[in-house]
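# Here is the input, now give the coordinates:
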Amino acid sequence: MDLETLSKVMAPVLVVTAGLLKLWEVRGARAARLAEIKTIFEIAKDLPEVSASRAHALSHVEARLKKYVLDEQTKSRNTFGIVFASILLAAGTWLVYLSLSGGGWYWAIAAAPLVLFGAVGLNQDAVKRERDTRGRPVHPGPDDRKAEKGDRTRPVRPDSAETTAP
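Model prediction:
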């Protein structure tokens, strides 16, 4: 195998390797999240019963554990979308290879939408998020986002100009 062909093959191999490393990192982050919750719980158990820090740490552990369990039950990846996006990316990569190996510049034009839609689809479907029954991401409305953030809006004072009608 000559260096020119090797250089053309290495780009897709590096992309696949980077994707696998990211998947490995995500799986490690899950274990790290549980380990952090467990560590905070162990520290809280060692604090005195009457300590305010103990109560705060235990409520923090409970909230984080509840969110973790809820995320595990409701969030998922779209397997079909991941496979389809990967096929689009592979086809686009092959067309780029054809274009670079002397097959004609027009293969690169044909590859552009495949790579674009493959990258966008992989980004949308490979991330764990809440989905409906058809696998589409569920986007929270504006009211849901406020509740999610704890509705940190500034309360209106009764004597302010905002409360008077024009």
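
# Can you classify residue 133 as helix, strand or coil?
Using DSSP: H, G, I helix; E, B strand; the rest coil, the secondary structure recorded for residue 133 is coil.

# Let me see the ranges of the helices in this protein.
Counting by DSSP state H, the chain has helices at residues 3-46, 52-74, 79-98, 106-125, 142-149.

# so which of the ones you listed comes closest to residue 134?
Smallest distance to residue 134 across the helices of the chain (C-beta to C-beta): 10.2 Å, for helix 79-98. C-beta: built from backbone N, CA, C; applies to glycine.

# Which neighbouring elements make contact with that closest one?
helix 3-46, helix 106-125 (3 or more C-beta pairs under 8 Å, 6 or more residues apart in numbering; DSSP states H and E).

# now it against helix 106-125, angle please.
Going by axes from the mean of the first three to the mean of the last three C-alpha atoms, to 10 degrees, helix 79-98 is angled at 160 degrees with respect to helix 106-125.

# can you list contacts of helix 79-98?
Contacts with helix 79-98, where a contact means C-beta atoms under 8 Å, 6 or more residues apart in numbering, come from 8-9, 11-12, 15, 104, 107-108, 110-112, 114-115, 117-122, 124-126, 135.

# again, but for stretch 52-59
Outside stretch 52-59, the residues that touch it by C-beta under 8 Å, 6+ apart are 40-41, 43-44, 47-48.

# Just send those back as CSV, with pLDDT, distance to residue 19 and neighbour count too.
Output for the contacts of stretch 52-59, formatted as CSV (pLDDT from 0 to 100; distance: C-beta to C-beta, whole Å; neighbours: other C-beta atoms under 10 Å):
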residue, pLDDT, distance to residue 19, neighbour count
40, 86, 32, 16
41, 87, 34, 16
43, 87, 36, 13
44, 86, 38, 18
47, 85, 43, 15
48, 87, 48, 7
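
# quick one on the thing from earlier: by mean pLDDT, show me the worst of the helices and strands packed on helix 79-98.
Here the lowest mean pLDDT among those goes to helix 3-46, at a mean of 78.

# Looking at stretch 136-152 now, give me its mean pLDDT.
Stretch 136-152 shows a mean pLDDT of 61 in the predicted model.

# from now on call the first residue 63
Got it, the first residue is 63 from now on, which makes the last one we talked about stretch 198-214.
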